[in-house]
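>>> what follows is a predicted protein model with its sequence.
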Amino acid sequence: MTQVRSRLTIEPVAPDDETALREWFALESAVQVADRPDDPLPTWTEHRVALRHPWPGLEPSTWVTRVGGAVVGAAGLSLPTLDNLDNAWVELVVAPGCRRSGIGRALLTHVAELARERGRSRLIGHVREPLDATSPGAAFAASTGASHVLANQRRRLTVPVPDEAGLAQRREQARVAASGYSLVQWTGSTPEEHLDDVARLIGRMSTDAPLGDLQWGAECYDAQRVRDNDAAHRARGKTSVVTAVQEDATGRLVAFTDMNIGTDVDWHVWQNDTIVDPSHRGHRLGMLIKTANLALLRARYPAARSIDTWNADSNPWMISINDAMGFRPLDRWGEWELAW
């Protein structure tokens, strides 16, 4: 280990450095093939703009480590700039043939120091934990002194769903229970007339969703941040598929769910936020928007056959909806914090 670490160099990846970007992309692809072969591969369309067109409210940087000129590891550091200014997100990857040689620890030490210099007091990272195996990532995180703060499970829905008749029945039951509300749907960017309501609902994701012991405060969302988020999706070749619920009496959106699908991978879909305003819960709006959005996806993107979503173990309400729709456990993802 000492011999390998003594030959390491750690270098930043510049947003306009085509060679470094492609080396980093090749590493990410190799790691995914080795660790998650059933997931869609990274796409160059999305990868090449990660540093040039960041998600709003995040300042990203990437560092690669080399041995003998070859890229063998990478670390991504993302600093929130609009809220949660004590925190930093970190992602570490090490080439499959180079693990357990000190590369990950060297990268973590490097980005932790950068975060400290920027006034951050903790790093937060995701660690995959397969359902049927021990997790080297979790063992590594624990060895650094990090704490496991939130348990998540990823679930996958295969399309067509196993029980089409049951799904249709649940959607109809939800529609009947949602008297006084109407569906509003779109694909792509958020319509201007809905920006403020969508911003309010997305902002609630950071206060209403169960976060366990994760040190994460309310996120600052407004109409411009929603516009910028939509622009970041477009830059990555992604299209949003959205269903919301409007309260008929006020015209305001009170529930919202969205998925996104990429131009380069037409078979796989990511399920993102789902939120119902607290004062409008109890009308089966969660089931209504999720089933209606699935129908919209299937109508617009018939090639889609796999949808992934995450739920905290401490969120039985959303888990029950996903289970009823036919989502099934795929793997676990723990969130870890390293504080100083």
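It's in. This one's a predicted model, so the numbers in the text were calculated from it and none came from an experiment. Numbering: from 1, shown residues only.

>>> ok but Ser182 is inside a strand, no?
Yes. Ser182 forms part of a strand when assessed by DSSP: H, G, I helix; E, B strand; the rest coil.

>>> do I have it right that it meets Ala249?
No. Distance between Ser182 and Ala249: 10.8 Å, which falls outside the contact criterion (C-beta atoms under 8 Å). All C-beta atoms are positioned from the backbone trio N, CA, C, and that covers glycine.

>>> those two: who's more crowded?
The residue with more neighbours, out of Ser182 and Ala249, is Ser182; 11 against 8, by other C-beta atoms under 10 Å.

>>> partners of the more buried one in the sheet?
Going by DSSP bridges, Ser182 is paired in beta bridges with Gln246.

>>> now swap in Val276 and tell me
Using DSSP bridges, the bridge partners assigned to Val276 are Ala255.

>>> and it, how many neighbours?
Here the number of neighbours of Val276 (other C-beta under 10 Å) works out to 24.

>>> what comes up buried for stretch 333-340?
Buried positions in stretch 333-340, judged by neighbour count with 16 or more other C-beta atoms under 10 Å: Trp333, Gly334, Glu335, Trp336, Glu337, Leu338.

>>> tell me the phi and psi of Arg116?
Here the main-chain torsion angles of Arg116 (degrees, to the nearest 10) amount to phi -60, psi -40.

>>> what about it, how many neighbours?
Residues within reach of Arg116, counting by other C-beta under 10 Å, total 13.

>>> what about it, distance to Arg200?
Arg116 sits 34 Å away from Arg200, taking C-beta to C-beta, to the nearest Å as the criterion.

>>> residue ranges with poor pLDDT in the protein?
Along the chain, the model assigns pLDDT under 70 to residues 1-6, 133.

>>> what's the single longest helix in it?
Among the segments of the chain that qualify as a helix by DSSP state H, the longest is helix 18-35.

>>> by contact count, what packs against the very next helix or strand once past that one?
Going down the chain from helix 18-35, the next helix or strand is helix 44-47, by DSSP states H and E. Counting contacts by 3 or more C-beta pairs under 8 Å, 6 or more residues apart in numbering; DSSP states H and E, the secondary-structure elements packed against helix 44-47 are helix 18-35.

>>> can you give me the buried ones in stretch 212-219?
For stretch 212-219, the buried set under the neighbour-count rule, 16+ other C-beta under 10 Å, comprises Leu214, Trp216, Glu219.

>>> check contacts around the last one.
Listed by C-beta atoms under 8 Å, 6 or more residues apart in numbering, the contact partners of Glu219 are Gly57, Leu82, Asp83, Asn84, Ile202, Gly203, Met205, Ser206.

>>> also the first one?
Leu214 makes contact with Ile124, Val149, Leu150, Glu335, Glu337, according to C-beta under 8 Å, 6+ apart.

>>> keep only those of those that are in helices.
Checking the contacts of Leu214 against helices, none of them qualifies (DSSP H).

>>> just send those residues back as CSV, with distance to Ala139 too.
Listed next are those as CSV, based on distance: C-beta to C-beta, whole Å:
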residue, distance to Ala139
Ile124, 18
Val149, 17
Leu150, 18
Glu335, 16
Glu337, 16
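
>>> these in strands, which ones?
The subset of the contacts of Leu214 located in strands under the criterion DSSP state E comprises Ile124, Val149, Leu150, Glu335, Glu337.

>>> got the domain ranges for the protein?
For the chain, automatic domain parsing gives the domain ranges 2-120, 155-331.

>>> to Leu131, which of the ones you listed lies closest?
Closest of those to Leu131 is domain 155-331, at 5.7 Å (criterion: C-beta to C-beta).

>>> what residues are up against Gly188?
For Gly188, the contacting residues are Asp230, Thr239, Ser240, by C-beta under 8 Å, 6+ apart.

>>> related to what we said a few turns ago, now distance to Gly137 too, for the domains of the chain, in TSV please.
Putting the domains of the chain into TSV (distance: least, C-beta to C-beta, whole Å) gives the following:
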stretch	distance to Gly137
domain 2-120	9
domain 155-331	11
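
>>> returning to that earlier point: hmm, which of the contacts of Glu219 are the buried ones?
If you count burial by 16+ other C-beta under 10 Å, the buried members of those come out as Gly57, Asn84, Ile202, Gly203, Met205, Ser206.

>>> no further queries at this time; thank you.
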